[in-house]
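> need a 3D model of the sequence below.
(one chain, ligands or ions: 1)
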Amino acid sequence: MAPPKVKLTYFAARGWAEASRMILHYSGVPFEDKRVTMEEWPSFKASTPFGKMPVLEYNGQTLPESQAIARFLARKYGLAGKDDWEQAQVDSVADLYKDFGQKIRAYFNVAMGRGEGDKDALLKEFMEAFEEQMGHVENFLKTAKNGFLMPSGLTWIDFLAAELHDTLGNVIPDLYKNHHEIVKHSEKVHSLPQLQEYLQNRPKTIN
Ligand SMILES: N[C@@H](CCC(=O)N[C@@H](CS)C(=O)NCC(=O)O)C(=O)O
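As a prediction, this is how the structure comes out:
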């Protein structure tokens, strides 16, 4: 059977595309990793289903929404969770990260110089959301007992979590000083042999 024709389009950042890029690299699936510039974006935007990126093109069909893309690819390449129940657990953690993303967005944008607001007040909100999120994630790590978030081992949510954790650590020094299990999780994900070539060569970006 011919290999699938796969193209993933996003900005020149890790952001909401990186988990899907990692699924593809981990699974050894050749794909076009298209990174559009801010100058190219306005003309490309109109052609995207929801006016946002990332967008996946898979054998001529187009799929928007980062988590729908990641789930689709994870199901295809065996990284969605071992059964229906574990897949549902993965989805619930993914939803938790979506809510977390909303809660920390304002501080993140200010910290990145892309927004305005009371930095101290936003940092306080960020830290509250962060500590709550880390508590939930640490519970999953404790239950799974294998260094990943799910009992069966690696799933796509490990990619999403490790990438977001690293991004936040790039913005706030010492963020993980009381969260060693989270650091170990990220190191484990980023040590996977199947990812080394990509990780060593990918563009170095804060987020
Ligand atoms: N829910 C969407 C959010 C996508 C999103 O907000 N993408 C941003 C980049 S991170 C974007 O395309 N911004 C450009 C714009 O809105 O014009 C997803 O998870 O894919």
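
> just the pLDDT for Pro3.
For Pro3, the pLDDT comes out at 87.

> my guess is it meets Pro30, correct?
Yes - counting by CB atoms under 8 Å, Pro30 is a contact partner of Pro3 at 6.7 Å. C-beta here means a position set from N, CA and C on the backbone, and glycine is covered the same way.

> what's the helix or strand for Glu57?
Per DSSP states H and E: Glu57 is located in strand 55-58.

> check the gap between Val62 and the ligand for me.
Careful, residue 62 is Thr and not Val. Thr62 sits at a distance of 13 Å from the ligand (criterion: CB to the nearest ligand atom, to the nearest Å).

> count of neighbours near that residue?
For Thr62, the neighbour count with other CB atoms under 10 Å is 13.

> can you check Val36 too?
Other residues lying near Val36 total 17 when counted by other CB under 10 Å.

> ok, what's across the strand from it?
Counting by DSSP bridges, Val36 is bridged to Phe11.

> quick one: contacts for it?
Applying CB atoms under 8 Å, 6 or more residues apart in numbering, we find Val36 in contact with Thr9, Tyr10, Phe11, Ala12, Phe44, Met53.

> is the ligand contacted by stretch 30-39?
No - on the criterion CB under 6 Å from any ligand atom, stretch 30-39 is out of touch with the ligand, staying 9.3 Å away.

> alpha carbons only: can I get that stretch in PDB?
Only the C-alpha atoms of stretch 30-39 are listed here, as PDB (Å, rounded to 0.1, in the frame of the first residue of the first chain):
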ATOM      1  CA  PRO A  30       7.400  10.800   6.600                       C
ATOM      2  CA  PHE A  31       5.500  14.100   6.400                       C
ATOM      3  CA  GLU A  32       5.800  17.700   5.300                       C
ATOM      4  CA  ASP A  33       6.400  19.900   8.300                       C
ATOM      5  CA  LYS A  34       5.200  23.200   6.900                       C
ATOM      6  CA  ARG A  35       6.000  26.200   9.100                       C
ATOM      7  CA  VAL A  36       4.300  29.400   7.800                       C
ATOM      8  CA  THR A  37       5.700  32.800   8.500                       C
ATOM      9  CA  MET A  38       3.600  35.700   9.900                       C
ATOM     10  CA  GLU A  39       3.800  37.300   6.500                       C
END
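
> please, which helix or strand holds Phe126?
helix 119-144.

> tell me the angle of the helix or strand following that helix relative to helix 119-144?
Using DSSP H and E, the helix or strand that follows helix 119-144 in sequence is helix 156-171. Counting by axes from the mean of the first three to the mean of the last three CA atoms, to 10 degrees, helix 156-171 lies at 150 degrees to helix 119-144.

> so, in contact with the ligand or not, helix 156-171?
No - against the ligand, helix 156-171 shows no contacts by CB under 6 Å from any ligand atom, the least distance being 10.5 Å.

> which strands or helices does that helix pack on?
On a contact count with 3 or more CB pairs under 8 Å, 6 or more residues apart in numbering; DSSP states H and E, helix 156-171 meets helix 18-26, helix 66-76, helix 84-111, helix 180-190.
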